[in-house]
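Participant: task: produce atomic coordinates for the following.
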Amino acid sequence: MIKEKNLLLKSELQTLINIFSTDGKIKKEIESEFIKRNMLGSKGTQLFTGNKDLAMLKPDIIVDLIDLFIFTFAFYNALKKLDLEFPNKYDYNYEKINVENYFTKVEIEEWIDYKAETVEISRYPYTLPNMLQVAPNHWVGIISDIGLNNMYIGNDVFYNFMNQRDPKINVLGMKEINLDKIKVGEIEKNLVDGTQFPDEIKINVLKDGEDEIVFNSKNGIYGDLIIKSGTMNIFDGYHRFVSNSLAVKKNPNLNFMWKIAITNMSETKARSFMVQINKQKPIKQEHIENMNPNKAENVVVDFIKDIYGDFADMITESNEQIDRKIGLTKKSILATAIKENYEKELEEKPNIKIIANHISEVVNYIIGLNYDLFVKTKHPIMTCKNIFMGYIALSAKTFNNDDWKEEVKQTLNSIDFSESNSLWNEIGVLNPKDATKPLREKLYKLFKS
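Facilitator: Model prediction:
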């Protein structure tokens, strides 16, 4: 499989995962396909639910390619079965993930009936002795290089992009592990040479109802921590995690001890922890702001991104992604506009989903009225990243208005969006920088008048 097809397949798979990840029947079909091949069913379900990102399957590693092939094959057959059961119920094309479109004939012939020689057995439970509970659902202690390597080769610790520093974005707009191979090599060398400092590795066992952790302690402070099941995400120390495995392979007798922290949190709380860690290891400020779940405006944008529609696909994280035509506007731009136009409404938490739904409806309606300009020709004014702040202001103007569609249409008709309109240069809409406060105020006034 060539790299370009690998990326394209993962992009198509991710689109379908976003649609079907909560479908229990499809999940069961995928799990069964892996099990009948003597493989762990969790390999398929973790990919299907998104707990394990597709980016973790490397195109140059055979075992990862086999996992990708079987997952794709199983997903395709499950969707085909669903389509036969409920014809035309869902708007998708499962042929887009047909293995014949991505894998070579040799690969297909070799893997279509693939079955592991021995039945794969889960490495759970993981036992970490003599751990200290420093807070509810938070333990610290030490783990040997071998113990950490067992987690690595067990394929049970995942890289969660939501809790990582600035992820890498590929040409298709998908996130990739931002692994610095030079840094990994340096840490590996330090471990082999005995000069590595045992700084802390942080792993979160995702609190999602499928996790089971037992803390065997007589005094509630020190004891053995047993991770019986769950999704383990590494949110600080991924380079050390990979380097440790390489070093152990080179020298099985390292006898190195790492500091380790285990938490049992939701993804939102883990993100908050990551933001706190940044006080010692700075992340780009914009990325921190986007991740901060304590800001209601961020939560609103997150909800919008989960709502099906063209608008959600136009929201991205950085100017770099906009420059690469991955999106039209940024989460931080939208969050600022939401904060400034829905300030009072955001004070009440129950309003957050209502606001998100209304904004999504309004902007998708605007896109629908001008679909070709937004999606096909990318009108320079209507799709400018900062002009979306005006759309947010217009949504705020029509909030709680049952006849909002008519008001939106009238407002749009009253504005001259042509490139020849000198207003856009005068107020600075086309400036590639993020909107300043004066520009934001002018946009809000224009769309609210």
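Participant: identify the residues contacting residue 351.
Facilitator: Residue 351 sits next to 342, 345 when contact means CB atoms under 8 Å, 6 or more residues apart in numbering. All C-beta atoms are positioned from the backbone trio N, CA, C, and that covers glycine.
Participant: torsion angles phi and psi at the nearest residue to residue 133 once chain neighbours are set aside?
Facilitator: Take residue 133 and drop its neighbours on the chain: the residue closest to it by CB to CB, 6 or more residues apart in numbering is residue 139, 5.2 Å away. For residue 139, the backbone dihedrals (degrees, to the nearest 10) come out as phi -130, psi 150.
Participant: what does residue 157 give?
Facilitator: Torsion angles, degrees, to the nearest 10, at residue 157: phi -110, psi 120.
Participant: how about residue 41, nearest residue that isn't a chain neighbour?
Facilitator: residue 31 (3.8 Å).
Participant: please identify the helix or strand for the one you found.
Facilitator: helix 24-35 (DSSP states H and E).
Participant: what residues of that helix count as buried?
Facilitator: 26, 27, 29, 30, 31, 33, 34, 35 (16 or more other CB atoms under 10 Å).
Participant: quick one: residues in contact with that helix.
Facilitator: With CB under 8 Å, 6+ apart as the criterion, helix 24-35 contacts 20, 40-45, 47-49, 70-71, 73-75, 77-79, 81-82.
Participant: can you do 6 Å?
Facilitator: 20, 41, 43, 44, 45, 48, 74, 78 (CB atoms under 6 Å, 6 or more residues apart in numbering).
Participant: these into JSON lines, with extra columns for pLDDT?
Facilitator: Shown next, in JSON lines, are the contacts of helix 24-35 (pLDDT from 0 to 100):
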{"residue": "20", "pLDDT": "90"}
{"residue": "41", "pLDDT": "92"}
{"residue": "43", "pLDDT": "91"}
{"residue": "44", "pLDDT": "93"}
{"residue": "45", "pLDDT": "92"}
{"residue": "48", "pLDDT": "93"}
{"residue": "74", "pLDDT": "97"}
{"residue": "78", "pLDDT": "94"}
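Participant: ok so, going back, restrict the helix holding residue 31 to CA atoms and write it as PDB.
Facilitator: Presented in PDB, the C-alpha positions along helix 24-35 are these (Å, rounded to 0.1, in the frame of the first residue of the first chain):
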ATOM      1  CA  GLY A  24     -23.500  -1.200  18.800                       C
ATOM      2  CA  LYS A  25     -24.300  -3.600  15.900                       C
ATOM      3  CA  ILE A  26     -21.500  -2.400  13.700                       C
ATOM      4  CA  LYS A  27     -19.100  -2.400  16.700                       C
ATOM      5  CA  LYS A  28     -20.000  -6.100  17.400                       C
ATOM      6  CA  GLU A  29     -19.500  -7.100  13.800                       C
ATOM      7  CA  ILE A  30     -16.000  -5.500  13.800                       C
ATOM      8  CA  GLU A  31     -15.200  -7.100  17.100                       C
ATOM      9  CA  SER A  32     -16.300 -10.600  15.800                       C
ATOM     10  CA  GLU A  33     -14.200 -10.300  12.600                       C
ATOM     11  CA  PHE A  34     -11.000  -9.700  14.700                       C
ATOM     12  CA  ILE A  35     -11.900 -12.500  17.100                       C
END
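Participant: quick check: next helix or strand after that helix?
Facilitator: helix 41-49.
Participant: could you check the angle helix 41-49 makes with the helix or strand just after that next one?
Facilitator: Per DSSP H and E, the first helix or strand lying C-terminal to helix 41-49 is helix 62-85. Helix 62-85 runs at 70 degrees relative to helix 41-49, counting by axes from the mean of the first three to the mean of the last three CA atoms, to 10 degrees.
Participant: residue 149 reaches residue 246, doesn't it?
Facilitator: No. Contact criterion CB atoms under 6 Å: residue 149 and residue 246 do not qualify, at 9.6 Å.
Participant: compare the two (neighbour count), which wins?
Facilitator: residue 149 (20 against 17; other CB atoms under 10 Å).
Participant: quick one: contacts for the more buried one?
Facilitator: Shown in contact with residue 149 (CB under 6 Å, 6+ apart): 245, 248.
Participant: any idea how far it is from residue 392?
Facilitator: Distance, residue 149 to residue 392, by CB to CB, to the nearest Å: 49 Å.
Participant: what bridges to the closest residue in space to residue 319 that isn't next to it in sequence?
Facilitator: Leaving out its chain neighbours, the residue that sits closest to residue 319 by CB to CB, 6+ apart is residue 330, at 7.0 Å. When bridges are called by DSSP bridges, residue 330 pairs up with residue 316.
Participant: residue 330: neighbour count?
Facilitator: 23.
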